[in-house]
Each structure stands twice: as structure tokens, then as C-alpha cells.
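Chemist: make a model of this:
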Amino acid sequence: MKQFLLFIGKIIVVLLLVAFALDFCYTTIFAQSETRNKVENVINSKAQNYDVIILGTSRANNHFVSELFEKKGLKTFNYGMSGAHLFETSLMLKLMVERGWKIKNIILETDLNLSNEKRDDGTFGRFMPFMHQSKIITNHFKNEPDFAELYYVPFYRYIQFDAKVGFRAFYKTAVGEATNVLANKGYYPLGFNPKANMKNNIESLVPLRNRYFEEIKQICKSNNINLIAVTTPMCSNVKGMDYFKKVKKLYPEIKEYEHVVQGDQYFSSCGHLNDKGARLFTTKVIEDLGLDKK
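Modeler: Sure thing, here's the model as predicted:
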């Protein structure tokens, strides 16, 4: 029995050593990357100066054409991330501020993402390599139910979020394989899809007085950043569009743009403009906000 327990103990020690070694290797590789995704790009950045930063979900990433801001002399980058919730968006802004970024204006997509305060595991996973390197990240995640195992168990976070920071991502980062995530100043253009489903139902969504939107507002106020919160377009055949009236009632400062682009020929899907539609939308936003005069 004693020999058996000793054997089991040795196995546990070996497994822990392997886990610590793998954790160190993965973290070291991800910590050196700046070009594979927007999270790494911010975390590993030096102080930046921007006239306009765009934040939000794919409805920011696919809707705001950075090039059109740049043509007006406004240094701009679109840090919208597909799948992100305001949970991750707030954290991105905290990291920018922590790294000494100077930002004049933030355009924040605030529409469907107001309906929850949960994390998005796809986007959440991209922060995992940096949990021990950043107190901002640690504090932002500390109230999550699985924080203890993610933070204290070596290599567990890489297993748990294998789809985003597993071996495939580790290998591609190690060999320096490029992505197009940071192309076009962060804007990701979509094409016209003739087979797209141009129907949607958002009747079940209820906007919240969202704690992470409140965080973003406070961060901007404390750092003299002009926060411009906007809704973004939806296609013509959507059930439950009174959701946006509820958004406006809850947050009167949010500017309404859900109806500004009319015609399904401008959409790639019901909730996402194609490139032609995004350019119409961005031009309208720039004109309305007077950013073309700055």
C-alpha cells in the first residue's frame, strides 16, 4: 500500500511539473505576440495616441470603417471584437488606460450587448495567457465562479479555452503566422450574401442598466475621453425593434442609428452591414458627430 501511494505521489508530482512547464512555455510565447489578435495587440502595446477608438462587438468591428475617419485626419483604430460582450469591452478599455493610451473619442456600440452582463468565452479566452501578468485582468475576472481554478491551477486555463489559446494558437503564435485581424485599422469588411437570412427576432432581449457600460462611462469621465455611445443598423425585417426604444429610455445619451441604413442590399446578414453599407453608415456617423470638422 505504501509503495502504491508513493507511486501515485510521484505521478502527481510529475504531472504538476509538466503542467507548470507547459504553462510557462505557452505564457512566454503569447506574451511576445502583438499581431494575431486585438487583445494581444493592446496588452503588449506601448502608449498610443488616438483621435478615435471604436469598441464593441462584431456590430462595431464590421460597421465602422477606420479608413473614412483617417481621411478626415483622425487617427483611428477599430477594436471591436466579434462575439465580445461589454464585459470584455470594458476590460479592453481598462488595459488601454493602464498602458497610458491617450484617446480623444471613443465610439462605443451599445445596443444588443446591453442585454447581458456575462462574459463571452470565445473572447474571454484570449485574455487567459495574461492573467498572472496584469492586475487589471485579475481584478476584472476575480468574481467569476471559475476564477480560482483558472488562476491557481497551472495550465488549466489553456485546456479550458483550447479553442482560443490551445496548441493550435500556441503553434501559430510561435511560428509568427500572420492574421488579418489588424488589417484595415481593425475594420473587418463583409461582402454581400444573396443567400443570407434577412430576418431576426430580438423580442426576448431586455436592455439592462449594464454594470460594464457604467464602468466604461466612469473610465472615460476619469480620463477626459469623449464617449459617444451609439446603436447600429439592423435589417428591415426584425421583430422586436421596440428593444431600441427601451435602450433610449434607459440611456437617453445613446445616439440612435439602428434605422439609418435602409435596404437589405446593404447588409451581409440581418445584424451586420456589408462593406457598402458600412461605408454609408460610417459617413453618416462622422457627419452627424461633427468629427469631419475636427
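
Chemist: hmm, Tyr257 is touching Thr231, no?
Modeler: Yes: the pair formed by Tyr257 and Thr231 meets the contact definition of Cβ atoms under 8 Å, at 5.4 Å. The C-beta positions use only the backbone N, C-alpha and C, and glycine is treated the same way.

Chemist: neighbour-wise, which of the two wins?
Modeler: More neighbours sit around Thr231 than around the other of Tyr257 and Thr231, counting by other Cβ atoms under 10 Å; the figures are 23 against 20.

Chemist: wait, what's in contact with the more buried one?
Modeler: By Cβ atoms under 8 Å, 6 or more residues apart in numbering, Thr231 lies in contact with Glu109, Thr110, Asp111, Phe244, Val247, Ile254, Lys255, Glu256, Tyr257, Glu258.

Chemist: residues near the residue lying closest to it once chain neighbours are set aside, how many?
Modeler: In space, Thr231 comes closest to Asp111 once its chain neighbours are excluded; the distance is 4.1 Å by Cβ to Cβ, 6 or more residues apart in numbering. Applying other Cβ under 10 Å, we find 27 residues neighbouring Asp111.

Chemist: over to Asn200?
Modeler: 17.

Chemist: how about the one 3 residues further on?
Modeler: Other residues lying near Glu203 total 12 when counted by other Cβ under 10 Å.

Chemist: for Val42, same thing?
Modeler: Val42 sits with 21 neighbouring residues when counted by other Cβ under 10 Å.

Chemist: sorry, back to before: could the contacts of Thr231 go into TSV alongside distance to Val97?
Modeler: Putting those into TSV (distance: Cβ to Cβ, whole Å) gives the following:
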residue	distance to Val97
Glu109	19
Thr110	19
Asp111	24
Phe244	29
Val247	26
Ile254	22
Lys255	23
Glu256	28
Tyr257	26
Glu258	29
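
Chemist: now that we have those, which one has the most neighbours?
Modeler: Within the contacts of Thr231, most neighbours by other Cβ under 10 Å means Thr110, with 29 neighbours.

Chemist: that residue against Thr232, yeah?
Modeler: No: shown here, Thr110 and Thr232 do not form a contact pair, counting by Cβ under 8 Å, at 9.0 Å.

Chemist: identify the contacts common to these two.
Modeler: Between them, Thr110 and Thr232 share these contacting residues under Cβ under 8 Å, 6+ apart: Gly56.

Chemist: SS state for Leu108?
Modeler: strand (DSSP: H, G, I helix; E, B strand; the rest coil).

Chemist: so of the contacts of Thr231, which ones are in strands?
Modeler: Glu109 (DSSP state E).

Chemist: could you export the contacts of Thr231 as a markdown table, including distance to Phe20 and pLDDT?
Modeler: As requested, those are arranged in a markdown table below (distance: Cβ to Cβ, whole Å; pLDDT from 0 to 100):
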| residue | distance to Phe20 | pLDDT |
| --- | --- | --- |
| Glu109 | 40 | 97 |
| Thr110 | 42 | 96 |
| Asp111 | 43 | 95 |
| Phe244 | 50 | 95 |
| Val247 | 47 | 96 |
| Ile254 | 47 | 97 |
| Lys255 | 50 | 96 |
| Glu256 | 52 | 95 |
| Tyr257 | 50 | 96 |
| Glu258 | 50 | 94 |
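
Chemist: for Asn62, state which of the contacts of Thr231 is nearest.
Modeler: Compare each of the contacts of Thr231 with Asn62 using Cβ to Cβ and the shortest gap goes to Glu109, at 10.1 Å.

Chemist: mind listing what that closest one touches?
Modeler: Taking Cβ under 8 Å, 6+ apart as the contact definition, Glu109 lies against Ile54, Leu55, Gly56, Thr57, Arg59, Ala60, His63, Gly80, Val230, Thr231, Thr232.

Chemist: how about the helices in the stretch 101-250 of the chain?
Modeler: Applying DSSP state H, counting those that start in this stretch to the stretch 101-250 of the chain gives helices spanning 121-124, 135-141, 147-152, 156-160, 162-165, 167-174, 211-222, 243-250.

Chemist: ranking these by mean pLDDT, which is last?
Modeler: The minimum mean pLDDT among the helices of the stretch 101-250 of the chain belongs to helix 167-174 (a mean of 85).

Chemist: what's that helix packed up against?
Modeler: When contacts are defined as 3 or more Cβ pairs under 8 Å, 6 or more residues apart in numbering; DSSP states H and E, helix 167-174 packs onto helix 2-30.

Chemist: now do 10 Å
Modeler: Where contact means 3 or more Cβ pairs under 10 Å, 6 or more residues apart in numbering; DSSP states H and E, helix 167-174 is packed against helix 2-30, helix 156-160, helix 162-165.
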